[in-house]
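*Asks:* Generate coordinates for the sequence data below:
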Amino acid sequence: MLLSCLGIYSFANAPGGEGYEVYLNGKVILQRFGQDMNKPHTIRFTAGTEQEQISVRYYHCGQPGKKRALLVKDNQDNLLREFHFDDESKAGTGMQCRVGELIQLRKNEADVLKLYYRSSEIPGGRLLVSFISDKGIAAARP
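*Replies:* The predicted structure follows:
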């Protein structure tokens, strides 16, 4: 009987998985799930993309996120800006901001900005992506 139960539960689907997606104007430009979440990733933007919309969807193993925020930090991990979002009513609700809101936080054109996600489920935050603004390169996949 015990072996039967173990056999049945070993094939049961786990409810969701942890991961995130980054969108630019509604198109996925980055997806990270499982082990891939720890890989470094950088997105470049060019002048003229300031009005474009960045959206982040974070997945907490199928559970809605609470006390969600996107944090923007500089190269020295100084907090430059915090964007707060309502609690999710369903898992994977996007958090949006304009590219220009991120780029304007740079002190000079060479600055790299880091975007973190924080919630009650991840109080220490998680690095999602680094942003570089470069006049010669359009928004691109990492």
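
*Asks:* Isn't Ile43 up against Ile29?
*Replies:* Yes. Counting by C-beta atoms under 8 Å, Ile43 touches Ile29, with 6.6 Å between them. All C-beta spots, glycine's among them, are computed from the backbone N, C-alpha and C.

*Asks:* Could you check which of these two is surrounded by more residues?
*Replies:* Ile43 (22 against 17; other C-beta atoms under 10 Å).

*Asks:* and the gap between that one and Leu79?
*Replies:* 20 Å (C-beta to C-beta, to the nearest Å).

*Asks:* Do a quick rundown of the strands in this structure.
*Replies:* 18-24, 27-33, 42-45, 53-60, 68-73, 79-85, 95-98, 112-118, 126-133 (DSSP state E).

*Asks:* which secondary structure elements does the second one contact?
*Replies:* For strand 27-33, the elements it packs on are strand 18-24, judged by 3 or more C-beta pairs under 8 Å, 6 or more residues apart in numbering; DSSP states H and E.

*Asks:* what packs against the strand it packs on?
*Replies:* Counting by 3+ C-beta pairs under 8 Å, 6+ apart, strand 18-24 packs on strand 27-33, strand 53-60, strand 126-133.

*Asks:* Flag the helix or strand of this protein with the lowest per-element mean pLDDT.
*Replies:* Counting by mean pLDDT, DSSP states H and E, the chain has its least confident helix or strand at helix 2-10, which shows a mean of 40.

*Asks:* Run through this protein and note the low-pLDDT ranges.
*Replies:* Residue ranges of the chain with pLDDT under 70: 1-16, 47, 91-92, 109-110, 134-142.

*Asks:* For Glu18, list the residues it contacts.
*Replies:* 33-34, 37, 59-61 (C-beta atoms under 8 Å, 6 or more residues apart in numbering).

*Asks:* mind putting the residues you listed in JSON lines, distance to Phe85 and neighbour count included?
*Replies:* Shown next, in JSON lines, are the contacts of Glu18 (distance: C-beta to C-beta, whole Å; neighbours: other C-beta atoms under 10 Å):
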{"residue": "Phe33", "distance to Phe85": "21", "neighbour count": "12"}
{"residue": "Gly34", "distance to Phe85": "24", "neighbour count": "9"}
{"residue": "Met37", "distance to Phe85": "20", "neighbour count": "14"}
{"residue": "Tyr59", "distance to Phe85": "15", "neighbour count": "17"}
{"residue": "His60", "distance to Phe85": "14", "neighbour count": "21"}
{"residue": "Cys61", "distance to Phe85": "19", "neighbour count": "12"}
